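Trainee: A structural model of the following input is requested.
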Amino acid sequence: MGRTPIASSPESEFGIKVQPHSAARLRPSPDKYCGRYPQPPPPRPYHLSKKWFPWLVPTIIIVNIVLFIIAMYINNCPAHSDNCVGVATLGRFAFQSTHENPLLGPSAATLLNIGALEVHKVVEEHQVWRIVSCMWLHAGMFHILANMLSLLFVGIRLEQEFGFARIGLLYLISGIGGSLSSSLFVRTTISVGASGALFGLLGAMLSELLVNWTIYENKLESLLSLLLIILINMAVGILPHVDNFAHLGGFGTGFLLGFVLLIRPQFAWINRRNSPAGYIATSSSKSKYKAYQCVLLIVSVILLTTGFTVGLALLLRGVDGNDHCPWCHYLSCVPTPLWTCEARCASSQYGNELNLTCMQNQKSKYYELDSSNNSTSQIQRFCAELCS
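Mentor: Numbering: from 1, shown residues only. Purely as a prediction, here's the structure:
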């Protein structure tokens, strides 16, 4: 139902060290010292960037928690169900039954009412804002806890290194990219969660390491560690009820954005800029960035612009990505003897009476639809119950 969280250790800190390369050698201007060259001063130490005070990431975490509390207040499980969890302690904020929502959270109908992503509402009712709103909602306590812990450990480090403006753009655009990818392939369920944005941060960490490759010392160790974390988190996406398309879309968007937003100047340019008065750098390099950095930046901007334009156009035209990629559903869930990927039911409806037959176990049952609630979310819930 939701974009289930990053489950491994994206919170790991990477001990990436700057290479101890000597700066471009500095020498004084000969005119100033009558043709003689005194001993040049040692070059200033190279710092990747100043450390920023991280305030945006904690703010995002607080906003997500507040919105989850508001969702639970609106849900008001005791007023609609007799099978709520924690009624005695939580009262109005009690969770839906674990049979309906095992993540301990509100109902699918509540999430849909307050901004969850559903393709029908985006395409037919032109509620494009759901592409953004869904990334601020979470399906349950377990969902938001895992996502916010991951954001805390990954996001704080990135904001300290690159500042709130770049990391804020990276988080938001990656989340939108994840939502866009999800809406093109996930057609039968609603989707919520910040996992697309979180995977965007992981993707940006990888591209940042690649685009600034020459300034790092322990580059191979850092690359292998980061790839292992990314692969483990991607593997979680093949489990059922996990929106891995949001993960993949967010990761791809963040990976490309890293080449644009997280690029660092080269050593020679920094040394020329920081050279003492009266000294000139012997290096002939005058460019702030290396040629390969500029090429990666240009290619990434083109791919991002094209991808978002084409993706949004396909979504608004109601194109189902599964029709053009029949194997793509395996990217989100791989069936095994231990689980099935999706509850599928055959249905027939007469007025408010619905007959469902689960395709996995062949069970059939009649249900009465509540006309005051969204019929799609009701049918999804009934089908999941019938097939469980």
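Trainee: rest of the way, CA atoms for contacts and neighbours
Mentor: Noted.
Trainee: where does A246 land on pLDDT?
Mentor: Listed pLDDT for A246 reads 91.
Trainee: quick one: the helices in the stretch 151-300 of the chain, in order.
Mentor: Counting by DSSP state H, counting those that start in this stretch, the stretch 151-300 of the chain has helices at residues 164-185, 195-211, 219-236, 244-261, 267-274, 291-316.
Trainee: could you dump those to a markdown table with mean neighbour count and distance to V122?
Mentor: Shown next, in a markdown table, are the helices of the stretch 151-300 of the chain (neighbours: other CA atoms under 10 Å; distance: least, CA to CA, whole Å):
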| stretch | mean neighbour count | distance to V122 |
| --- | --- | --- |
| helix 164-185 | 24 | 9 |
| helix 195-211 | 27 | 18 |
| helix 219-236 | 16 | 27 |
| helix 244-261 | 28 | 16 |
| helix 267-274 | 19 | 48 |
| helix 291-316 | 15 | 7 |
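Trainee: which of those helices sits closest to I70?
Mentor: The closest of the helices of the stretch 151-300 of the chain to I70 is helix 195-211. By CA to CA, the value is 20.1 Å.
Trainee: let me see the mean pLDDT of that closest one.
Mentor: If you average the pLDDT over helix 195-211, you get 94.
Trainee: go on, stretch 126-139?
Mentor: On average, the pLDDT along stretch 126-139 is 94.
Trainee: what's in contact with it?
Mentor: Stretch 126-139 has contacts (CA atoms under 8 Å, 6 or more residues apart in numbering) with 1-2, 63-64, 67-68, 101, 103-106, 111, 115-118, 121-122, 144, 175-176, 179-180, 191-197, 316.
Trainee: just the buried residues from the residues you listed, in ChimeraX please.
Mentor: Selection command for ChimeraX covering only the buried members of the contacts of stretch 126-139, criterion 16 or more other CA atoms under 10 Å:
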select :1,2,64,68,101,103,104,105,106,111,115,116,117,118,122,144,175,176,179,180,191,192,193,194,195,196,197
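Trainee: now G86. Nearest residue, chain neighbours left out?
Mentor: With CA to CA, 6 or more residues apart in numbering as the criterion, G86 has its nearest non-adjacent residue at 5.2 Å, and that residue is A94.
Trainee: ditto for R264
Mentor: Distances taken as CA to CA, 6+ apart put N212 closest to R264, at 6.3 Å, once the chain neighbours are dropped.
Trainee: if I look at that neighbour, how far off is L206?
Mentor: From N212 across to L206, the span is 10 Å (CA to CA, to the nearest Å).
Trainee: same thing with E368?
Mentor: Distance from E368 to L206, counting by CA to CA: 51 Å.
Trainee: what of Y73?
Mentor: From Y73 to L206 the distance is 39 Å (CA to CA).
Trainee: next: Q160.
Mentor: 17 Å.
Trainee: same question for N101.
Mentor: 34 Å.
Trainee: if I read this right, the residue nearest to G86 contacts V87, doesn't it?
Mentor: Yes: using CA atoms under 8 Å, A94 makes contact with V87 at a distance of 5.1 Å.
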